[in-house]
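1. Show me how the following folds:
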Amino acid sequence: MSWAALLTLCAVSYALKAIGPLLAGGRQLGPRVRRMLDLVPVALLAALIAVQTLGAGHRLVLDARAPALAVAAALVWRRAPFLVVVLAAAGTAALLRALA
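-> Model (predicted):
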């Protein structure tokens with residue numbers, strides 16, 4: 001991807017974020033909509049992680065990354081510190097690759 005395309009996408013993204021408050025015109029969002037909007041980034045990040053971990057082109061790949069993701073998910077669920085999550089997932093993937 002060229003730098004011009006990257007800068008254009010950044011500018012469009014920033015413009016879209018700036019337009020939102022202008023279109024709202026001082027109106028407040030309802031609590032239900034606000035809760036839903038708070039969950040959108042979490043769902044998008046989870047989808048991105050799953051696609052990047054389990055996908056390779058148009059096929060499903062189950063290698064050392066899948067158990068590492070499971071370890072990371074379990075530690076996040078148990079509210080482990082971020083550094084512990086990253087090191088445990090990396091260690092799991094490294095160990096499985098060394099054994100394979």
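2. Was I right to think L54 contacts A68?
-> No - in this structure L54 lies outside contact range of A68 using CB atoms under 8 Å: 11.4 Å. C-beta: built from backbone N, CA, C; applies to glycine.
3. Of those two, which one has the most company?
-> Neighbours were counted for L54 and for A68 using other CB atoms under 10 Å; A68 has more, 21 against 15.
4. helices and strands of this structure: which one bottoms out on pLDDT?
-> Lowest mean confidence among the helices and strands of the chain (mean pLDDT, DSSP states H and E): strand 55-56, at a mean of 78.
5. That strand pairs with which strands, and in what direction?
-> Applying DSSP bridges, strand 55-56 is found paired with strand 59-60 (antiparallel).
6. so where is this protein shaky, pLDDT-wise?
-> 1 (pLDDT under 70).
7. Can you give the distance of the least confident helix or strand of the chain from its chain's centre?
-> In terms of CA atoms, centre = their mean, to the nearest Å, the centre of strand 55-56 is found 16 Å from the chain centre.
8. what does that strand contact?
-> The contact list for strand 55-56 (CB atoms under 8 Å, 6 or more residues apart in numbering) reads V61.
9. The protein: helices as residue ranges?
-> 3-24, 31-54, 65-77, 82-99 (DSSP state H).
10. so which of those is the most packed in?
-> helix 65-77 (a mean of 16; mean count of other CB atoms under 10 Å).
11. what angle sits between that one and helix 31-54?
-> With axes from the mean of the first three to the mean of the last three CA atoms, to 10 degrees defining the directions, helix 65-77 sits at 150 degrees from helix 31-54.
12. Give the other helices and strands that helix 65-77 contacts.
-> The contact analysis (3 or more CB pairs under 8 Å, 6 or more residues apart in numbering; DSSP states H and E) places helix 65-77 against helix 31-54, helix 82-99.
13. okay, the angle between it and helix 82-99?
-> Going by the same axes, to 10 degrees, helix 65-77 makes 160 degrees with helix 82-99.
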